[in-house]
Structures are given as structure tokens and as C-alpha cells.
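Got a sequence here, can you build the structure:
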Amino acid sequence: MELRFETRRSDSPWVDIVWTCTSARVTAMTSVAAVRWGLVFWEQDGRAYATITGPETRTGTAPVPEGAAFTGIEFALGTSLRAVPTPALVDGGIELPDTTRRTFRLDGARWETPGADDAEGLVERLVRAGIVVRDPLVAEVLRGHSPDVSGRTVERRFRAATGLTRGGIRQIERARRAAELLAAGEPATDVVTKLGYFDESHLARALRSFVGRTAGQLHDGAGGAIALDLDQRLTS
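Numbers count the residues shown, from 1 in each chain. Model prediction:
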């Protein structure tokens, strides 16, 4: 079976990644912990769907509509939806109603469904309408600055904007990076050193919690379909 991902980084300060995916003979995949919320659009058998996805704090198994084509937008950390607090999206999501192949409904208005090439155009319109917002303090912290407020205030604002703690985000991002390095052929011992894990057991626990793969499975490309763009194509 096969799950093909293609991703690109975005120049928009509001968007982290735009991705597309097609599935063939896949009914389930390993979902991977993720720190960003997003919008996902897909079509299957001539019907269109749209979903708000939330941050994921753990790995799991997710169904995959067979023969579907997806377009996804992962928003930058610190952004959020005016109508839906990001903490309410953690480990969940919301299917948007009344979606067609051309349009979808969000925050009481109808918007044109984007393709991968015009995702930023949609986001710009959502920002201008005040539907996508961000906390400037969180953006400042993410750039490495130290705002003139208490640490408790920073943590509260950070959690309100992202749904996660700063420590939780670091753990998830590090595990995802470890998975990428292992899939690219780096030895586990080198990954431990490069990413600051205590030892290989510490790395193994992180992979089990956040990625759902062992180091050996990632190195060999084994374990089935996975929601992570490791090598453009993941097969089993």
C-alpha cells in the first residue's frame, strides 16, 4: 500500500507548511504527534470535505479514505482561529459543514477551497477578515526574545495560543526531527548525540510516544503508512 506526501515551506508568516497527499490501497495510517493546527481539504468519490485539525500530543492510528486526494495547510505556531480556541482542538478536530468542491464554510462565511498553489492567498483573506489571528507575545517568544512579563504570563499566553506548553512542543518537534534523521539513514547513536537525548532508551521512548515507530522501523522504512513526510513516499 502507498501514501504519498509532498510538502513545501511557506514564505507567509502565518503558514508553516503546505502539503498534499494521495492514498492508494491504504485504509489506516500511523498518526504522528504534531504541534500545529491546520485546515485540511480532500476529495473522495466526487465528494468534498474540509476539516480543522488540532495539535496532537501522542501517536495513534487514523483511518485513511482510500483513493482520496488531500491538500493541507499547517499554520504557524502562535496563530489561532478567532472562533475556536486552539486548546479545544488538541487531540481532535472539527469537520466543517456544507463543503463543496469549490467552497467551504468557516466562521459564518463561505470561502473558495484552495489548492496547494493558492493556500497562502486563502490565508491572507482569512487574516484580513480577522478569522485567523495571532498573539504577538507568543511570536516574540518563538523568535527567541524575552518579553517584559512574568514567566507565568508567558506560559499562560503560550498555552492559550498553541494549546501546548513550550516543553511539550520541544519534545514533539525533537521526536519528529529524530524520525526524519533515522529515516534518512543516520545511526541512532548519532541522533541521540545530535538532538540531546540521554541515551538510546530515551530516544526509543520518545519515538514510541510521539511517532509510533522504532528506530529500526524508521531506518528500514517498515511499519506501514505514516503521516510524516519522511521520504516523499511511504510504503509497506
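
Could you check the pLDDT of residue 145?
Confidence at residue 145, expressed as pLDDT, is 83.

And for the one 4 residues further on?
At residue 149, the model reports a pLDDT of 88.

what does residue 233 give?
35.

Give me the mean pLDDT for the helix or strand hosting residue 167.
Per DSSP states H and E: residue 167 is located in helix 166-183. On average, the pLDDT along helix 166-183 is 95.

Now do the buried residues in that helix.
Buried residues in helix 166-183, counting neighbours by 16 or more other Cβ atoms under 10 Å, are found at 166, 168-169, 171-176, 178-183. C-beta: built from backbone N, CA, C; applies to glycine.

tell me the two of these that are most distant?
In terms of Cβ to Cβ, the buried residues of helix 166-183 reach their longest pairwise distance at 166 and 183, which sit 26.3 Å apart.

what about the residue of the chain positioned farthest from its centre, distance to residue 141?
Taking Cα atoms, centre = their mean, the residue of the chain most remote from its mean C-alpha position is residue 148, at 30.2 Å. Separation of residue 148 from residue 141 (Cβ to Cβ, to the nearest Å): 12 Å.

if we can go back for a sec, quick check: what element follows the helix holding residue 167 along the chain?
Downstream of helix 166-183, the next assigned helix or strand under DSSP H and E is helix 188-195.

how big is the angle separating that next one from helix 166-183?
Angle of helix 188-195 versus helix 166-183, following axes from the mean of the first three to the mean of the last three Cα atoms, to 10 degrees, is 140 degrees.

for helix 188-195, packing partners?
helix 166-183, helix 200-210, helix 215-220 (3 or more Cβ pairs under 8 Å, 6 or more residues apart in numbering; DSSP states H and E).

do that again at 7 Å, thanks
helix 166-183, helix 200-210 (3 or more Cβ pairs under 7 Å, 6 or more residues apart in numbering; DSSP states H and E).
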